[in-house]
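Enquirer: no FASTA, just this:
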């Protein structure tokens, strides 16, 4: 297993279209393990493949119930939100969007179809915080960052801040 670099906004890879995964082999299992290790090292509660520079429809999310025990995670391959209802506003941050948290409006309850590591179709219905995490990570697969859900003013202020960091030569990795 290895820890990958997490790409930061405004890296173009974060806006790339992702490809559907059709091969379910040991390389995919290794990539999933690497993504989980990278997510926990960051630390984060979700990670999408574009965040490590891979334009694939793959996310991993933390599912640890006992915070004192071993970390548990779940890979979702080719995930797609197939049903949703209600709305909620929750605070979000992102491993690829430095130094920013903000309230984002999301669906309250979602149903996601996806494939597991063996390519078997699965479906999951969830709500509240876990639904937010899944929507956030699935957005990455469509080139959408959580800052895209902010008001134009907040988004503009953040973009200006990043431009200043880049102009000052601040390191992003």
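Expert: Good, I have the coordinates. These numbers come from a predicted model, not from an experiment. Residues are numbered from 1 along each chain as shown.

Enquirer: Which elements pack onto the helix or strand of the chain with the lowest mean pLDDT?
Expert: Using mean pLDDT, DSSP states H and E, helix 152-167 stands out as the lowest-scoring helix or strand of the chain, at a mean of 93. Counting by 3 or more C-beta pairs under 8 Å, 6 or more residues apart in numbering; DSSP states H and E, the packing neighbours recorded for helix 152-167 are strand 97-106. Any C-beta I mention is one placed from the backbone N, CA and C, and that applies to glycine too.

Enquirer: Go again with 6 Å.
Expert: Using 3 or more C-beta pairs under 6 Å, 6 or more residues apart in numbering; DSSP states H and E as the contact criterion, helix 152-167 has no neighbours among helices and strands.

Enquirer: Report the angle between that helix and strand 97-106.
Expert: Using axes from the mean of the first three to the mean of the last three C-alpha atoms, to 10 degrees, the inter-axis angle of helix 152-167 relative to strand 97-106 is 160 degrees.

Enquirer: So which bits of helix 152-167 are buried?
Expert: Burial within helix 152-167, assessed by neighbour count using 16 or more other C-beta atoms under 10 Å, is assigned to 158, 162.

Enquirer: Distance from it to the middle of the chain?
Expert: Per C-alpha atoms, centre = their mean, to the nearest Å, the displacement of helix 152-167 from the mean C-alpha position of its chain is 21 Å.

Enquirer: Repeat that for stretch 10-29.
Expert: Between the centre of stretch 10-29 and the centre of its host chain there is 12 Å, according to C-alpha atoms, centre = their mean.

Enquirer: measure that stretch end to end?
Expert: As for stretch 10-29, its first-to-last residue distance stands at 29 Å under the measure C-alpha to C-alpha, to the nearest Å.

Enquirer: and it, which residues are buried?
Expert: The neighbour-count criterion (16+ other C-beta under 10 Å) identifies 11, 14, 18, 21, 28 as the buried residues of stretch 10-29.

Enquirer: any idea which of those residues is least confident?
Expert: Looking at pLDDT alone, these dip lowest at residue 11, where the score is 94.
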